[in-house]
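**Student:** take a look and give me a structure for this.
(chains A and B)
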Amino acid sequence: MNQVADYLKKEADAYPLASFRLLFGLAIFGTLVRFWWNGWIEKLYIDPSFHFTYYGFEWVQPLGSATYLLFLFCGLCALFFALGLFYRISSSGLFLSFTYIELMDKTTYLNHYYFVSVVLLMMIFLPAHTVCSLDARRSPSAGRGIIFKWQVDCLKFFVSTVYFYAGLAKLNPDWLLEAQPLVTWLPGRVDLPILGRFMEQSWVAYLFSWGGAAYDLVIPFLLWRKEAVYYAFIGVCVFHVLTIILFPIGVFPWVMIISAVLFFPSRMHEKNLTRFRWLSGDVGTKGFTRPIKAFSWRMRSTVIVLSIILLFQILFPFRYLYYPGNLFWHEQGFRFGWRVMVMEKAGYAQFIVKDISSQEEWFVQNSDHLTPFQEKQMSFQPDFILEYAHYLKEFYERSKGHNGLEVYVDSYVALNGSSSRPYVKSDVDLTKCQRGWRHKDWILDFDAPVYGL
Amino acid sequence: MAALLMGAAFSCQDSSDGNLTSDNYDRTHLLTYWADSVIVPGFSDYGQRIDSLHLSVTDFTQSPTTNGLIRVQRAFASAYTAWQDVSLFDIGPADAKLLHNHTNVYPTDTIELKEALMNSVYSFDLPSTYDIQGLPALDFMLFGRESLTKTLQLFQNSSAHRQYLEELSSYLNMKTQDVVNEWVSSYRYDFIARSGSSASGSVNKLANGFVYHYEKELRAGKVGIPAGVFSGSPLPNRVEALYSDTLSKVLLLRSIDAHKRFFEGISHDRTTNGPSLGPYLDHLGKMRNGKLLSSAINDQFLIATQHVLTLSMSMREAVESNNVSMLSSFDELQKNVPLLKVDMMQTLNIRIDYVDADGD
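**Tutor:** As a prediction, this is how the structure comes out:
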């Protein structure tokens, strides 16, 4: 217990956290601009007539054309956050608006958006604005060059968890023994200059698979070691730049490179941040004020909140153990677990609506209801399939004017280079199945004998 | 077959692994072959047929005779058949100039068409006129009466009908030649130059267009919708070439064949086997249930063709009198959708969503 108390009293420089705040905020701002620029707000949130929701968050819906205002608000918060202006408010606003955007449609789920949300949630409780910030300039009394060590460590711990779990997720036979999915993905990049001609070589896929797994498992430990951190950072850059070249991966590499900056010793941050002296005026000098008392009521509750967040991060990815069968196949407990680029999966789902009263049945043209992107994501993820089936029931009951329609699906999914095989039991009326945490026993086993096609 | 064997040989080489000698699939070669041996010859051929159709229409509208009408009808059937060879290449100029919308939106809206024809107020540029122009509108104009004599009389007696017919064919000809010329003069080079694997790369776009066309135009449009698969009850009036009647099955068979030939890498003049999606799959050594995936897909094309052959010559009649065989044809066409859309696209690492979105 004493050790814990001692650790909680340890002090650290405020600079690493401040640099991180600045870079991270700008990266988010860049992401939002890119999203807007590419027309994705329209395409992903305004055009679709139906949105896939997260269980428990069905009430989070796009706001029509006001969705642009939401992005505008989020972007402004990101800028204020980066500059360290009205930090508590801007960080809270940024977390809430960014997370709201992510919850609007799970078609766009990406691990790195989730990563950003979790980091932002933690940042609300961390003093990242005490140096090199407009807040420090506004009220010099708020400026502190010293913060608690745990206030940086908790973020570093979270980043380490992400890497380590991403590495654990790669320790499966497909990844290690078959080099899947890289052996499927890489040959598509034969057009790359210089690297291209190696892309169809299977040893390259194996090298990248094993190298990637080793990288994820080892890099967090190297980053923590003072004598290795610079080499580790070079490794981080090489790895993530390679992923930028090979895959359409968005901002994820930048976010991870920025996160590695947290591990740098503080003198380096201080040196770099002197360029941003104009932000905070002269108050950026270190050590002019002591940290607030370690065991204030506020500090205690912050420690508790952050501990809960981290504990949740440690445990939640393991919820998949509760479900029988192949995780990659049924995807129950797959998301929010740092399973990044670990599988290649594609599917095809032909829905059939049956009207018992008139003995009619008809096929659904998915393009009548979903965008191509939504259709693609829906066709191999069971929770999407179920939600869509319920939507179809409602849709056709409204247009038919009577209830009691049943919805079935004839679906095929191919995983990691295996041939496509039947996915959902085609004789199950999906409208009778409910969303939730319970095991979805209407998904066929991965190892079920292949029949029909 | 030669391509298949070659592909198989390649894939054997691949599985020996580890050495630097195994060949990468030459996408530039693939695109050059597609452009020069399949697509451009296909469009040129179609363009010539549309041009002859237009010439025969011009002759006919100047002096409406029985022989003239028969010539127009024949030219029409030949052009409609040739359209099946190129409609699956809905990219580049065809996509930009909305060739499909101006050529083959059916069923044609006969009430609106008659209105437009009588009042002479219409512009084929407008999306609202897609369903009163193109080949389906010509189909109605040329075959919409009970007999050849009645059709002839109509054109002899009504200058409005002659004028509308003339404008239909001249507009279609203009649109078509635009697309053909652009393919020949510039887009061919663009097409080949885009050998990358992004969503805007030619392999990606053409493969996506091919799968989309197979699923939407062939499987659903030509068979599923008239058979009532998507509505619960049969819709015989939704068949392609409704008025020329027996042409409908010819068009369906030709369309299946066009998809099959493209997939297999058979040139437009049917003399050469070259690279294409099927050989590409073989090159990657993709198997399914103990045989090559490409063979599984080819076999399924053949099975579907056999089912379609049992239909009566008129698809409308098939729907009305023997819809069970329509439904079984649909089922066989359906079976290739997951193979193409899931297995093939995944193996070729082509994203199906036509959107350059992020992944992780």
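**Student:** would you map the strands across the chain?
**Tutor:** I'll assume chain A. Assigned by DSSP state E, the strands in chain A fall at A:11-13, A:146-148, A:345-355, A:360-363, A:405-415, A:421-422.
**Student:** other chain: chain B
**Tutor:** Under DSSP E, chain B gives strands at B:287-288, B:291-292.
**Student:** partners of the first one in the sheet?
**Tutor:** If you go by DSSP bridges, strand B:287-288 pairs up with strand B:291-292 (antiparallel).
**Student:** I'd like the average pLDDT over the partner strand.
**Tutor:** Strand B:291-292 shows an average pLDDT of 94 in the prediction.
**Student:** what do you get for stretch A:431-446?
**Tutor:** 94.
**Student:** gap between the two ends of stretch B:209-226?
**Tutor:** 23 Å (CA to CA, to the nearest Å).
**Student:** ugh, wrong one, stretch B:79-94
**Tutor:** With CA to CA as the measure, stretch B:79-94 spans 16 Å from end to end.
**Student:** wait, does that stretch contact chain A?
**Tutor:** No - Stretch B:79-94 lies out of reach of chain A by CB under 8 Å from any CB of the partner chain, never closer than 14.7 Å. The C-beta positions use only the backbone N, C-alpha and C, and glycine is treated the same way.
**Student:** before we move on, the earlier item: got the strands of chain B as JSON lines, with mean neighbour count columns?
**Tutor:** Formatted as JSON lines, those follow (neighbours: other CB atoms under 10 Å in any protein chain shown):
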{"stretch": "strand B:287-288", "mean neighbour count": "18"}
{"stretch": "strand B:291-292", "mean neighbour count": "14"}
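**Student:** spit out the contact partners of A:Asp410.
**Tutor:** Listed by CB atoms under 8 Å, 6 or more residues apart in numbering or on different chains, the contact set of A:Asp410 reads A:349-352, A:422, A:426.
**Student:** one more time with 7 Å, if that's ok
**Tutor:** Going by CB atoms under 7 Å, 6 or more residues apart in numbering or on different chains, A:Asp410 touches A:350, A:352, A:426.
**Student:** tell me the buried residues within those residues.
**Tutor:** When the contacts of A:Asp410 are checked for burial by 16 or more other CB atoms under 10 Å in any protein chain shown, the buried set is A:350, A:352.
**Student:** residue in the stretch 101-250 of chain B nearest to chain A?
**Tutor:** B:Gly232 (3.6 Å; CB to the nearest CB).
**Student:** how many residues are close by the closest residue to that residue other than its chain neighbours?
**Tutor:** Counting by CB to CB, 6 or more residues apart in numbering or on different chains, A:Glu360 is the residue found nearest to B:Gly232 once chain neighbours are left out, at 3.6 Å. Using other CB atoms under 10 Å in any protein chain shown, A:Glu360 has 15 other residues around it.
**Student:** partner residues bridging A:Glu360?
**Tutor:** Beta-bridge partners recorded for A:Glu360 (DSSP bridges): A:Asp355.
**Student:** just to revisit the earlier point, and the strands of chain A as CSV, adding mean pLDDT and distance to A:His51?
**Tutor:** CSV is the format used below for the strands of chain A (pLDDT from 0 to 100; distance: least, CB to CB, whole Å):
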stretch, mean pLDDT, distance to A:His51
strand A:11-13, 87, 43
strand A:146-148, 88, 41
strand A:345-355, 95, 17
strand A:360-363, 93, 23
strand A:405-415, 96, 18
strand A:421-422, 94, 27
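**Student:** in a markdown table: these, plus distance to A:Trp278.
**Tutor:** Shown next, in a markdown table, are the strands of chain A (distance: least, CB to CB, whole Å):
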| stretch | distance to A:Trp278 |
| --- | --- |
| strand A:11-13 | 20 |
| strand A:146-148 | 22 |
| strand A:345-355 | 49 |
| strand A:360-363 | 64 |
| strand A:405-415 | 54 |
| strand A:421-422 | 62 |
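**Student:** quick one: closest of these to A:Ala166.
**Tutor:** strand A:345-355 (17.3 Å; CB to CB).
**Student:** by contact count, what packs against the closest one?
**Tutor:** Counting contacts by 3 or more CB pairs under 7 Å, 6 or more residues apart in numbering or on different chains; DSSP states H and E, strand A:345-355 packs against strand A:360-363, helix A:382-400, strand A:405-415.
**Student:** now do it against helix A:382-400, angle only.
**Tutor:** Interaxial angle, strand A:345-355 versus helix A:382-400 (axes from the mean of the first three to the mean of the last three CA atoms, to 10 degrees): 30 degrees.
**Student:** please compute how far strand A:345-355 lies from its chain's middle.
**Tutor:** In terms of CA atoms, centre = their mean, to the nearest Å, the centre of strand A:345-355 is set 28 Å apart from its chain centre.
**Student:** contacts for it?
**Tutor:** By CB under 7 Å, 6+ apart, strand A:345-355 touches A:361-364, A:378-380, A:385, A:389, A:392, A:396, A:400, A:405-415, A:423, B:232, B:337-338, B:341-342, B:345-346.
**Student:** before I go, just wanted to say thanks for your time.
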